[in-house]
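1. Using only what follows, build the 3D model:
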Amino acid sequence: MATQLNKADTLPVDGGEALLVGRVWLPGAEGGPTPCLVTSGCVYDLSQIESTVSWLFERDDLSGELDHVKDLPKLGDFAEVLQNTYFGKATSDKVHFLSPNDLQAVKAAGVTFVTSLLERVIEEQARGDKDRAASLRDELVAIVGDDLAKVRPGSLEAQNLKQVLIDKGAWSQYLEVGIGPDAEIFTKCPPMAAVGTGAEIGIRADSSWNNPEPEIVLAVNSTGKVVGATLGNDVNLRDFEGRSALLLGEAKDNVASAAIGPFIRLFDKHFTMDDIRKAELKLIVSGEDGYVLEGASSMSKIARDPLELVGQACGINHQYPDGFMLYLGTMFAPVDDRGEKGQGFTHKLGDKVEITTPRLGALVNWVNHTNNVQPWTFGTGALMSNLAKRGLLL
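-> Okay, the predicted model is just below:
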């Protein structure tokens, strides 16, 4: 199976007018993580403007500044840096891409699409048992039909539907966050823990039921302003979460379980929140056994507007002085059998996972067990020490 990243697919289709901010690892004694600008087939160093992506996003008119920046130090040709970015390793002696975020908290909104909402209810009632999932799926759909797709979360209609489901013995904590007034917002991983395109993503060796979750991820600064967007894979262990919602941490936050990238596209006159609202995401999982799974996620079907989710994630009750990244959720929940009938989909080692949408490009990763992927050792403390050593802390 091909293990190289494709330049044409990685960039947005309108890459010539896109402002793309990312991060690279610079090798050598004076090296380390560095914010970069990807434009005109080249990768440029932004560390002389700000030494972290988080701080870069605090600037008042970043898109305006970057649109007119000249004479930035060139770090390499885009195609060459991308070629170096396969299972990118911090010990590499070549410049390669990292996840585009750094100091930001990494948050996620769950159960924001009807399809994934029903699957979470099924997980809960099946208690992580794949054998029970198929029959439960039919039973639940028979009860709710298409009602949930028409219900605005938190509305009077939602309250009435809640009572109907309670009366029928079908209410769930997942329905509470799916159609109730409060969204599910959880921590996906610590700052600096996300992996970028080209990296391995991790599933636990003791999980037998898991899947990718293709999502759009918003980049939000400390004031709550959404500055741009990228792609994400909210890797999920369905058997763990199905056993108990209190196992969400074990299901969601594991080594290399959060993929973000390839780059954060800044909002400007060419790209706005409306482009996010109508985005169509495509997912392809290609196994070493020849298996191929394709799926899609349409942002037009999200139950809560992206800005509503941002508003629930931050405000008077939640502040993020370094900003945050927010996964917006997915409508994709694979149920097709991969192998034995009735067992549904689960990952196998070596799976290639591609998440794409035309105006954000492609996020590509390969699946491995968490205990075999590159350990996460470079955290916030290491970054501060590195920046001080390089004279990039003011």
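2. my read: residue 293 touches residue 333, true?
-> No - look at residue 293 against residue 333 with Cβ atoms under 8 Å: they stay out of range, at 11.9 Å. Every C-beta, even on glycine, is put in place using the N, C-alpha and C of the backbone.
3. Show me the domain layout of the chain.
-> With domains defined by automatic domain parsing, the chain comprises 7-112+183-389, 114-179.
4. want to throw those into TSV with mean pLDDT?
-> What follows is those, written out as TSV (pLDDT from 0 to 100):
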stretch	mean pLDDT
domain 7-112+183-389	93
domain 114-179	70
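5. Identify, out of the ones you listed, the most deeply packed stretch.
-> domain 7-112+183-389 (a mean of 19; mean count of other Cβ atoms under 10 Å).
6. Give the closest residue to residue 30 in space, chain neighbours not counted.
-> In this structure, residue 30 finds its nearest non-sequential neighbour in residue 390, 5.9 Å apart by Cβ to Cβ, 6 or more residues apart in numbering.
7. On the three-state scheme, residue 239 is what?
-> helix (DSSP: H, G, I helix; E, B strand; the rest coil).
8. Now do the helices in the stretch 251-394 of the chain.
-> Ranges of helices in the stretch 251-394 of the chain, per DSSP state H, counting those that start in this stretch, are 273-277, 306-313, 380-389.
9. Need the contact partners of the shortest one.
-> Applying Cβ atoms under 8 Å, 6 or more residues apart in numbering, the set of residues contacting helix 273-277 from outside is 216, 218, 226, 229, 267, 299-300, 302, 305-307, 328, 359.
10. Specify which member of those residues is nearest to residue 165.
-> Set against residue 165, the nearest of those by Cβ to Cβ is residue 302 (21.2 Å).
11. Now do the contacts for residue 215.
-> Going by Cβ under 8 Å, 6+ apart, residue 215 touches 108, 231, 232, 233, 234, 281, 297, 327, 328, 329, 330, 355.
12. one more time with 7 Å
-> Counting by Cβ atoms under 7 Å, 6 or more residues apart in numbering, residue 215 touches 232, 234, 327, 328, 329, 330.
13. Leaving out the residues flanking it, which one is nearest to residue 19?
-> Using Cβ to Cβ, 6+ apart, the nearest residue to residue 19 is residue 266, at 4.2 Å.
14. on that earlier part again, what number of neighbouring residues does the residue nearest to residue 30 come out with?
-> By the criterion of other Cβ atoms under 10 Å, residue 390 has 16 neighbours.
15. What of the one 4 residues further on?
-> Residues within reach of residue 394, counting by other Cβ under 10 Å, total 7.
16. picking up where we left off before, the helices of the stretch 251-394 of the chain: which one's closest to residue 254?
-> Nearest of these (Cβ to Cβ): helix 380-389, 19.0 Å.
17. Other residues contacting that closest one?
-> 32, 33, 51, 102, 103, 191, 192, 393.
18. who's the first one bridged to?
-> Using DSSP bridges, the beta-bridge partners of residue 32 come out as residue 26.
19. ok, now which ones touch it?
-> So residue 32 contacts 26, 386, 390 (Cβ under 7 Å, 6+ apart).
20. check which helix or strand covers the residue most central in space within the chain.
-> Central residue of the chain (Cα atoms, centre = their mean): residue 232, 2.2 Å from the mean position. For residue 232, the element it lies in under DSSP states H and E is strand 226-234.
21. Could you export that strand as CSV, CA atoms only?
-> Taking C-alpha atoms only, strand 226-234 is exported to CSV below (Å, rounded to 0.1, in the frame of the first residue of the first chain):
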residue,chain,number,x,y,z
VAL,A,226,-13.0,31.5,15.1
VAL,A,227,-10.0,32.2,13.0
GLY,A,228,-10.0,29.2,10.6
ALA,A,229,-10.7,25.5,10.1
THR,A,230,-9.0,22.2,9.3
LEU,A,231,-9.8,18.5,9.3
GLY,A,232,-9.8,16.0,12.1
ASN,A,233,-10.2,12.4,12.9
ASP,A,234,-11.8,11.8,16.3
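22. can you tell me the distance between the two ends of stretch 289-306?
-> End-to-end distance of stretch 289-306 (Cα to Cα, to the nearest Å): 37 Å.
23. Stretch 108-122 now?
-> The first and last residues of stretch 108-122 sit 21 Å apart, counting by Cα to Cα.
24. just so I have it, where are all the helices in the stretch 101-250 of the chain?
-> Listed in chain order, the helices of the stretch 101-250 of the chain (DSSP H, counting those that start in this stretch) span 114-126, 130-144, 156-167, 173-179, 238-243, 248-252.
25. that older thread, need the helices of the stretch 251-394 of the chain in CSV (columns: distance to residue 84).
-> Below are those laid out as CSV (distance: least, Cβ to Cβ, whole Å):
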stretch, distance to residue 84
helix 273-277, 30
helix 306-313, 33
helix 380-389, 19
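26. Pipe the contacts of helix 273-277 into TSV and attach distance to residue 316 per row.
-> Output for the contacts of helix 273-277, formatted as TSV (distance: Cβ to Cβ, whole Å):
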residue	distance to residue 316
216	26
218	20
226	18
229	25
267	25
299	28
300	31
302	25
305	20
306	20
307	17
328	22
359	33
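27. which one of the residues you listed sits closest to residue 254?
-> Relative to residue 254, the closest of the contacts of helix 273-277 is residue 328; by Cβ to Cβ it sits at 20.7 Å.
28. relative to helix 306-313, how tilted is the strand holding residue 232?
-> Orientation check (axes from the mean of the first three to the mean of the last three Cα atoms, to 10 degrees): strand 226-234 against helix 306-313 gives 90 degrees.
29. which other residues reach strand 226-234?
-> Applying Cβ under 7 Å, 6+ apart, the set of residues contacting strand 226-234 from outside is 57, 62, 100, 108, 188, 201, 212-221, 259-261, 263-267, 273, 276, 310, 327, 330, 353, 355, 357, 360, 363, 365.
30. picking up where we left off before, I'd like to know how far the residue nearest to residue 30 sits from residue 38.
-> Distance, residue 390 to residue 38, using Cβ to Cβ, to the nearest Å: 21 Å.
31. How about residue 355?
-> Residue 355 is 18 Å from residue 38, by Cβ to Cβ.
32. And for residue 156?
-> For residue 156 relative to residue 38 (Cβ to Cβ), the value is 47 Å.
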